[in-house]
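Colleague: Fold the following for me, if possible:
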Amino acid sequence: MKTLTTTYRFPFVVLEGGDGSGKTSIRQRIFRRLRDSGTVALSTITTSWLLPDATELITKAKYAGMQFAPERIVAAYVMDKEEFTRQQLLKQLPSRPCIVDRFILSDIANNEVIFGIGGEAMIEAYRRSEVLEPDVIIWLDTPPEIAMDRLSKRSGRQRHPWEHLQQQRGLYAAFENLLRENPLQLQSRVVRLDNAGSVASTLEQLEGLVIEPLLRTLQQ
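Modeller: Reported below is the predicted structural model:
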């Protein structure tokens, strides 16, 4: 994986967690707080969709249930993140922070649960890649039962095949293992937000553990 000196560049922050953990809301909250302080970050979602071939394979495999060889799925995800690193992160970080909803840990955990691809395959592929390592990983620690309850209350959307309790438990366990064992040997600062309680509690943790340190870094 690629690392960059922190001199003359801004922080790269990613949010990780299962479905229904509130990543999008937290990303938007960070964006607004930084914007209100005078810094407009790049705030974006998981996959970059910058490579048509990789995009086609990922969407067909994940959302249409089409079968592909595991090595092709792994390659598509890694190439997508490498292109995102080249076309977005390396160009944006010299001038502003980047906040990304899902990144490499989500790829590894989701592909293990959804496609049955062992984590070792994606871990090794990412180790050899040119994907940029995050400065901060925000882990939205949301028990699967709570996440499923939140998903059930979302209106106007079709439930994905993996949005069931058994799969969400598998995702939660995969995330926990990745963060505990750190097989990628990431140097990223990991911030755990206990997301089992109220929204106010989660936002209070976010403010103290993430936003205030970010603002101090930006003021230096």
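
Colleague: the strands in this structure, which residues?
Modeller: Secondary structure of the chain, counting by DSSP state E: strands at 12-16, 42-44, 98-101, 136-141, 189-194.

Colleague: Please identify the most buried of the ones you listed.
Modeller: Neighbour counts (mean count of other Cβ atoms under 10 Å) averaged over each of these peak at strand 12-16, with a mean of 25. Just so you know, the C-beta spots here come from the backbone N, C-alpha and C atoms, and that holds for glycine as well.

Colleague: give the contact list for the residue nearest the centre of the chain.
Modeller: In the chain, the centroid-proximal residue (Cα atoms, centre = their mean) is residue 102; its distance is 1.7 Å. By Cβ atoms under 8 Å, 6 or more residues apart in numbering, residue 102 lies in contact with 14, 15, 16, 23, 45, 46.

Colleague: which among these gets closest to residue 120?
Modeller: Set against residue 120, the nearest of the contacts of residue 102 by Cβ to Cβ is residue 16 (18.9 Å).

Colleague: ok so, going back, mind putting the strands of the chain in a markdown table, mean pLDDT included?
Modeller: Below are those laid out as a markdown table (pLDDT from 0 to 100):
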| stretch | mean pLDDT |
| --- | --- |
| strand 12-16 | 96 |
| strand 42-44 | 92 |
| strand 98-101 | 95 |
| strand 136-141 | 96 |
| strand 189-194 | 96 |
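
Colleague: would you turn those strands into JSON lines with distance to residue 71?
Modeller: Output for those, formatted as JSON lines (distance: least, Cβ to Cβ, whole Å):
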{"stretch": "strand 12-16", "distance to residue 71": "24"}
{"stretch": "strand 42-44", "distance to residue 71": "27"}
{"stretch": "strand 98-101", "distance to residue 71": "25"}
{"stretch": "strand 136-141", "distance to residue 71": "26"}
{"stretch": "strand 189-194", "distance to residue 71": "29"}
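
Colleague: For residue 111, find the nearest of those.
Modeller: Of all these, it is strand 12-16 that lies closest to residue 111, at 13.9 Å by Cβ to Cβ.

Colleague: partner strands of the closest one, parallel or antiparallel?
Modeller: Strand 12-16 sits in its sheet next to strand 98-101 (parallel), strand 136-141 (parallel), going by DSSP bridges.

Colleague: now the angle from the longest one to strand 189-194?
Modeller: With axes from the mean of the first three to the mean of the last three Cα atoms, to 10 degrees as the basis, strand 136-141 and strand 189-194 are set at 20 degrees to each other.

Colleague: Show residues contacting strand 136-141.
Modeller: If you take Cβ under 8 Å, 6+ apart as the criterion, strand 136-141 is touched by 11-17, 21-23, 26, 103, 105, 175, 179, 186, 188-196, 202, 206, 210, 214.

Colleague: at 6 Å what do you get?
Modeller: Contacts with strand 136-141, where a contact means Cβ atoms under 6 Å, 6 or more residues apart in numbering, come from 13-17, 21-23, 179, 188-195.

Colleague: hey, where'd the helices end up in the protein?
Modeller: 23-36, 52-63, 70-84, 90-92, 104-114, 119-127, 144-152, 165-181, 199-206, 212-219 (DSSP state H).

Colleague: and those helices, which is most packed in?
Modeller: Mean neighbours per residue, mean count of other Cβ under 10 Å, is largest over the helices of the chain for helix 104-114, with a mean of 23.

Colleague: Now do residue 194 against residue 129, distance only.
Modeller: Using Cβ to Cβ, to the nearest Å, we find residue 194 at a distance of 32 Å from residue 129.

Colleague: Please consider this matter closed, and thank you.
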